[in-house]
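Peer 1: Predicted model and sequence follow; I will ask about them next.
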Amino acid sequence: MIRRRALLVLAFAAVTGCTAMPAHDYTAFRATMPDSILVLPPLNHTTDVNAPYTFLSTVTRPLVEAGYYVFPVAVVDAFLKENGLPTPYEMHGVPLDKVRDILGADAVLYVVISEWGQKYQILSSNTVVEWQARLVDVETGQELWRGLGSAVEGSGGQGDGLLGMAVAAVIDQVLDSLVDRTYDLSRQATRQMIFNSSDGLLYGPRHRDYETDQRGR
Amino acid sequence: MDSLRLRLPALALALGLIAGCGTVDQTYSWGRYEALLYDMYRRPGKADPSVQIAQLNEDIERAHGRGSAVPPGVHAHLGYMLYLQGNLAAAQREFETENRLYPESAVLMERLSGRATIPDPE
């Protein structure tokens, strides 16, 4: 995760041609400042069919703790399904004026999952989660914020020679299939995405530091 | 033992991240809301409506006992579970409670309590 972030900073610096990390632009976000956020079930670009709803079960708490009203994710999912939108693909296509009029949300968080679950190597395996998130104002359709969530947990044998390593790797892979590590990783990555001090979410109206948060002012 | 040793640094890192995240309001009493969401989608049978209703009611009572707030979504989610069980009057009360605690939810909650028609998941 750290290496990926460093790469991102490097890439950004290369693109902008400067060496200092530029301050994130919160102007539009601050000017609009939604009270409430509707999180749609994410689009899933991985082969793990469980990814969207595992993600969905971990995103409410950090968003609420950041100071927003967050619509009940399972109720919204059921409501949209009943109203003729059977999958996240249809849900992501709902016009924003309908989101406003029917659900009453100020902003929508659109998430696309790009990595989820185990990546096997010969002597080890990593568990990864990764997604891109966009917060969009329902009134104007303007993008208010963009976030990247990612976390990796590695496992692998060490020290016992090749055979020991191979055995340890097999045991890890078996354990991984019994214990869903993506839940904890998803919790970790949502928190990191929302609260990191360089480009995290602004504190919302229900946060006690909302008034003193200087970002974007 | 090996995997425990490997997991400890990750745990320490995660705690560090959380602790390093500046001030986070701890006034909400989360109870088992997130775990129930996970279970209802990932472990069908482990979180049917009656299980969820019992646990959410317990969580809400505990929050009241502590004087901490029931987080956004919990009363609405409980209402949905009551609706799935056919207990429409109780469902409506929960939607109204969500609306009263969190007026941001008004449009959806009024829609739900007006016609408690939301379907089973899946």
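Peer 2: Structure's in. What do you need? Numbers count the residues shown, from 1 in each chain, chains lettered A, B, ... in the order given.
Peer 1: all contacts plus neighbour counts: C-alpha atoms, from now on.
Peer 2: Fine.
Peer 1: Low-confidence stretches in chain A?
Peer 2: Low-confidence segments of chain A (pLDDT under 70): A:1-23, A:155-178.
Peer 1: swap that for chain B, sorry
Peer 2: Those would be B:1-26, B:115-122, if you go by pLDDT under 70 across chain B.
Peer 1: now A:Pro62, nearest residue through space, not along the chain?
Peer 2: Nearest non-adjacent residue to A:Pro62, counting by CA to CA, 6 or more residues apart in numbering or on different chains: A:Arg191, 5.7 Å away.
Peer 1: ok so that neighbour is a helix residue?
Peer 2: Yes - according to DSSP: H, G, I helix; E, B strand; the rest coil, A:Arg191 belongs to a helix.
Peer 1: okay, now it: neighbour count?
Peer 2: As a burial measure, A:Arg191 scores 24 neighbours (other CA atoms under 10 Å in any protein chain shown).
Peer 1: Also B:Ile60?
Peer 2: With other CA under 10 Å as criterion, B:Ile60 counts 20.
Peer 1: you'd agree it is up against B:Val70?
Peer 2: Yes - in this structure, B:Ile60 is within contact of B:Val70 by CA atoms under 8 Å, at 6.3 Å.
Peer 1: show me what contacts the residue of chain B found nearest chain A?
Peer 2: Nearest residue of chain B to chain A (CA to the nearest CA) works out as B:Gly73 at 4.3 Å. Residues near B:Gly73 by CA atoms under 8 Å, 6 or more residues apart in numbering or on different chains: A:70-73, B:98.
Peer 1: Can you list phi and psi of it for me?
Peer 2: Per-residue torsions, B:Gly73: phi 100, psi -20 (degrees, to the nearest 10).
Peer 1: A:Gly204 too?
Peer 2: phi -90, psi 170.
Peer 1: Identify the residues contacting the spatially most central residue of chain B.
Peer 2: Taking CA atoms, centre = their mean as the criterion, B:Tyr33 is the residue nearest the geometric centre of chain B, at 2.9 Å. B:Tyr33 makes contact with B:56, B:74, according to CA under 8 Å, 6+ apart.
Peer 1: what's the distance between it and A:Leu43?
Peer 2: Separation of B:Tyr33 from A:Leu43 (CA to CA, to the nearest Å): 23 Å.
Peer 1: I'd like to know how many residues surround A:Gln214.
Peer 2: 11.
Peer 1: so it, which of the three states?
Peer 2: coil.
Peer 1: Tell me how far it lies from A:Glu153.
Peer 2: 34 Å.
Peer 1: same deal with A:Gly104?
Peer 2: From A:Gly104 to A:Glu153 the distance is 38 Å (CA to CA).
Peer 1: who's more crowded, those two?
Peer 2: Between A:Gly104 and A:Glu153, A:Gly104 has the larger neighbour count (other CA under 10 Å), namely 21 against 18.
Peer 1: Leaving aside the residues adjacent along the chain, what's closest to that one?
Peer 2: Nearest one to A:Gly104, counting by CA to CA, 6+ apart, is B:Val107 at 5.1 Å.
Peer 1: that older thread, for B:Ser105, see how far away the residue of chain B closest to chain A is.
Peer 2: From B:Gly73 to B:Ser105 the distance is 9 Å (CA to CA).
Peer 1: quick one: stretch A:208-216 near chain B?
Peer 2: Yes - using CA under 8 Å from any CA of the partner chain, we find that stretch A:208-216 touches chain B at A:208-209.
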